[in-house]
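Visitor: Pasting the sequence and the predicted coordinates here, then a few questions.
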Amino acid sequence: MVQIMNKTSLTAILCDDEAAILEELRAAIPWDSLGVEIVACASNGQEALSAILKHRPNIAIIDIRMPSLSGVEVIAQTRAAVIPTDFIILSGYDDFHYAKEAIQYGAKAYLLKPLNISELYEALYRIFDERSQHPANSASRSFRNELTLNFFHRLLDGKIIEQSELSFMLRHANLPLSDSSCYIMALQFDRDRNETPLADIKACLEGEFAQEHCVFIPYNQGSLVGIFNETGVVPLQLAERTLYSLRAGALPLPLIGIGDPVPSLMNCHYSYNRALTAATYRLYGDENRVFTYNIICTVPPTLRPTDIDPQPLLLAIMQNDVSMISRYCQDLIKQILYVPMPPPNYVLSLCYTLFSKVEQGISASLHGGITDIINPKELYALKTIGEIQKWLVLSFSQLAGYITAVHGFGTPKLQGAEHAHVEEDSIILAAKKYIRDHITEDLKLEDIAREVHLSPAYFAIYFKNKSGVNLRDHILNEKMEFARRELLDPDFPVTEVAFKIGYRDYRSFSRAFKKIHGMTPSDFQAKFKQS
């Protein structure tokens, strides 16, 4: 929802003796985005009147039959206090007498329960429309515009189910549209590069298409949606006019998706979804800016997610074999391209499936996730098949390097990767000092990396490249060196030394100590005591 108002300018109260109805009223309308503040909720007529006298709200939505005071009595006493609140009456009874009496006191609408949201929107629209006729009520004009915008958002989302609401909007909102054959033109702008307000782009296009039966709707932060009645002009020509007009105005150029023609405005959500789908086919034509529904693939895929075997890739990752990783990813992309342009969402879905299978396999071996090294959300920002293949190769290669650096699996296959022992490197020195100072704590890669201001994945690889040893082995060496110094005291219990550096059982500690020092901790302590 695009919010037009910078601050709240209208207030409202809600009143019903049924808690469920009150909650529905609060949730049914996006009051905040309309700039309407709900200043009070009441469960009986007396509470409603007190709230009206206190807050003097612009709008009151109130049940007509309530304890203590009826809705009609609340309206009467409000009018006696000369408070110009606009009332919308709710009732569970189709009672003409009540309706007539409420309208005599100036109620703007009489709505029957269960609540019909479309009717409520229409009633609010009428109130804002009436208020907007007065020069002092510029805020109400903004609210009216916002309700119109909200209507189109719900239309595009397929949430308008009442033909009467559509008919009302066409009658009262002065829209250059008719409820006849139409189609959608979806304009998507690069959010990272586009600093031009959508309002400026919208104004340019409204000037260009002033003679056409169309409207342009801001939708989300980086897109406009054009709704066009069919007039015999080829949609592709209108898309080219759009680009020409924006180019002439030195405005950003969008990616344009064009949806199928549909017989009525009530069906335009289908055309909208097809326009969005068509736009995803930029994956196969980065130079193009206009994609029509004709391009959408209808051939069923041949490769299913369950057909993807991640084992060769897992082996390549664990062996740090970059060339094997590259070949696997190339072969997968060839299988995915069962036709020259398969559905882009299918391509991304299979790539994400591969990531999930790799994560499952690696996590089983390493007892941890891999999202710190590979961010799968990056997949959905890629624009071409080539970028996707490069991302797969690079991401899995980085994962392989990380695993080798931290856990020491496999031998790197990269040619010319000489490890330089640079003890003077300030980052390595700082990291080693942090490890020594915290050797009796539960050392974590994230904490060490934070100390030297690097990401965990990059630091692990950096440490291995600069020191010539993977981080896990270095920490083990430091722990065993700490243990060796402690065991120089012949009376210090071996189990306490083990516990001090994080080992909970003697056998694991003994194996680790013997791996580094060539003898068990007990033998070392006995030998030193003997000497």
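Guide: Structure received. Numbering: from 1, shown residues only.
Visitor: what residue ranges in the stretch 151-300 of the chain are flagged as low confidence?
Guide: For the stretch 151-300 of the chain, the stretches flagged by pLDDT under 70 are 192-194, 286.
Visitor: which residue ranges form the strands in it?
Guide: 182-188, 214-219, 223-229, 255-258, 290-292 (DSSP state E, counting those that start in this stretch).
Visitor: ok, which stretches of the stretch 351-500 of the chain are helices?
Guide: Secondary structure of the stretch 351-500 of the chain (DSSP state H, counting those that start in this stretch): helices at 385-407, 426-437, 445-451, 456-467, 471-486, 494-500.
Visitor: still on that earlier bit, make CSV out of the strands of the stretch 151-300 of the chain and add mean neighbour count.
Guide: For the C-beta atoms, the positions are set from N, CA and C on the backbone; glycine is no exception. Shown next, in CSV, are the strands of the stretch 151-300 of the chain (neighbours: other CB atoms under 10 Å):
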stretch, mean neighbour count
strand 182-188, 25
strand 214-219, 20
strand 223-229, 22
strand 255-258, 26
strand 290-292, 22
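Visitor: and of those strands, who's closest to residue 521?
Guide: Residue 521 sits nearest to strand 182-188 of all the strands of the stretch 151-300 of the chain, at 65.1 Å, using CB to CB.
Visitor: Let me see the residues that make contact with the closest one.
Guide: Outside strand 182-188, the residues within contact range by CB atoms under 8 Å, 6 or more residues apart in numbering are 156, 201, 222-230, 235, 238-239, 242, 254-262, 264-265, 268, 271-272, 274-276, 279.
Visitor: what do you get for stretch 394-402?
Guide: 313, 316-322, 325-326, 329, 355, 358, 362, 370, 373-374, 378, 410, 412, 457, 460-461.
Visitor: Please list only the buried members of those.
Guide: Buried positions within these, assessed by neighbour count (16 or more other CB atoms under 10 Å), are 313, 316-322, 325-326, 329, 355, 358, 362, 370, 373-374, 410, 412, 457, 460-461.
Visitor: list the buried ones in stretch 330-345?
Guide: 332, 333, 336, 341, 342, 343, 344.
Visitor: Please read the previous query as pertaining to stretch 350-369.
Guide: 350, 351, 353, 354, 355, 357, 358, 359, 361, 362.
Visitor: again with stretch 63-80
Guide: For stretch 63-80, a neighbour-count test (16+ other CB under 10 Å) marks 63-64, 66, 69-78 as buried.
Visitor: That one spans what distance, first to last residue?
Guide: 19 Å (CA to CA, to the nearest Å).
Visitor: where in the stretch 1-150 of the chain is pLDDT low?
Guide: Within the stretch 1-150 of the chain, the stretches with pLDDT under 70 are 1-8, 33-35, 94-99, 132-144.
Visitor: Tell me where it has helices.
Guide: Counting by DSSP H, counting those that start in this stretch, the helices of the stretch 1-150 of the chain are 19-28, 31-34, 45-55, 71-80, 96-104, 117-132, 138-156.
Visitor: Also the stretch 201-350 of the chain?
Guide: Going by DSSP H, counting those that start in this stretch, the stretch 201-350 of the chain shows helices at 235-248, 268-279, 311-318, 322-336, 344-366.
Visitor: Make TSV from those and add distance to residue 499 to it.
Guide: TSV is the format used below for those (distance: least, CB to CB, whole Å):
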stretch	distance to residue 499
helix 235-248	70
helix 268-279	60
helix 311-318	32
helix 322-336	41
helix 344-366	25
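Visitor: right, and the ones you listed - which one's nearest residue 131?
Guide: Nearest to residue 131 among the helices of the stretch 201-350 of the chain is helix 268-279 (29.4 Å), distances taken as CB to CB.
Visitor: got the buried residues for the closest one?
Guide: 268, 269, 271, 272, 273, 274, 275, 276, 277, 278, 279.
Visitor: Taking helix 235-248 as reference, get the angle to it.
Guide: 70 degrees (axes from the mean of the first three to the mean of the last three CA atoms, to 10 degrees).
Visitor: Show me what helix 268-279 packs onto, helices and strands only.
Guide: Other elements packing on helix 268-279 under the criterion 3 or more CB pairs under 8 Å, 6 or more residues apart in numbering; DSSP states H and E are helix 138-156, strand 182-188, strand 255-258, strand 290-292.
Visitor: can we see that at 10 Å?
Guide: Applying 3 or more CB pairs under 10 Å, 6 or more residues apart in numbering; DSSP states H and E, one finds that helix 268-279 makes contact with helix 138-156, strand 182-188, strand 223-229, strand 255-258, strand 290-292, helix 344-366.
Visitor: before we move on, back to that, looking at the helices of the stretch 201-350 of the chain, which is nearest to residue 497?
Guide: Using CB to CB, those put helix 344-366 closest to residue 497, at 27.6 Å.
Visitor: Using CSV, list the CA coordinates for the closest one.
Guide: The C-alpha trace of helix 344-366 is given here as CSV (Å, rounded to 0.1, in the frame of the first residue of the first chain):
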residue,chain,number,x,y,z
PRO,A,344,12.6,-18.7,-15.3
ASN,A,345,10.9,-19.7,-12.0
TYR,A,346,11.5,-23.3,-12.9
VAL,A,347,15.2,-22.6,-13.5
LEU,A,348,15.6,-20.8,-10.2
SER,A,349,13.6,-23.4,-8.3
LEU,A,350,15.9,-26.2,-9.5
CYS,A,351,19.0,-24.2,-8.6
TYR,A,352,17.5,-23.5,-5.1
THR,A,353,16.7,-27.2,-4.8
LEU,A,354,20.4,-28.0,-5.5
PHE,A,355,21.5,-25.5,-2.8
SER,A,356,19.1,-27.2,-0.3
LYS,A,357,20.5,-30.6,-1.1
VAL,A,358,24.1,-29.4,-0.8
GLU,A,359,23.3,-27.7,2.5
GLN,A,360,21.7,-30.9,3.8
GLY,A,361,24.7,-33.0,2.8
ILE,A,362,27.3,-30.6,4.1
SER,A,363,25.5,-29.9,7.4
ALA,A,364,25.4,-33.6,8.1
SER,A,365,29.2,-33.7,7.8
LEU,A,366,30.0,-30.4,9.5
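Visitor: what is the rounded mean pLDDT of that helix?
Guide: The average pLDDT within helix 344-366 is 85.
Visitor: How confident is the prediction for the residue lying closest to residue 404 once chain neighbours are set aside, by pLDDT?
Guide: In this structure, residue 404 finds its nearest non-sequential neighbour in residue 320, 4.6 Å apart by CB to CB, 6 or more residues apart in numbering. Per-residue confidence (pLDDT) for residue 320: 86.
Visitor: which ones are touching residue 313?
Guide: 324-325, 327-329, 331-332, 354, 357-358, 361, 392, 396, 400 (CB atoms under 10 Å, 6 or more residues apart in numbering).
Visitor: I am assuming residue 71 contacts residue 15, so please confirm or correct that.
Guide: Yes. With contact defined as CB atoms under 10 Å, residue 71 counts as touching residue 15 (7.8 Å).
Visitor: shared neighbours, the two?
Guide: 45, 48, 60, 61, 62, 63, 90.
Visitor: quick revisit: nearest to residue 434, out of the strands of the stretch 151-300 of the chain?
Guide: strand 182-188 (46.6 Å).
Visitor: Counting neighbours, what do you get for residue 149?
Guide: As a burial measure, residue 149 scores 19 neighbours (other CB atoms under 10 Å).
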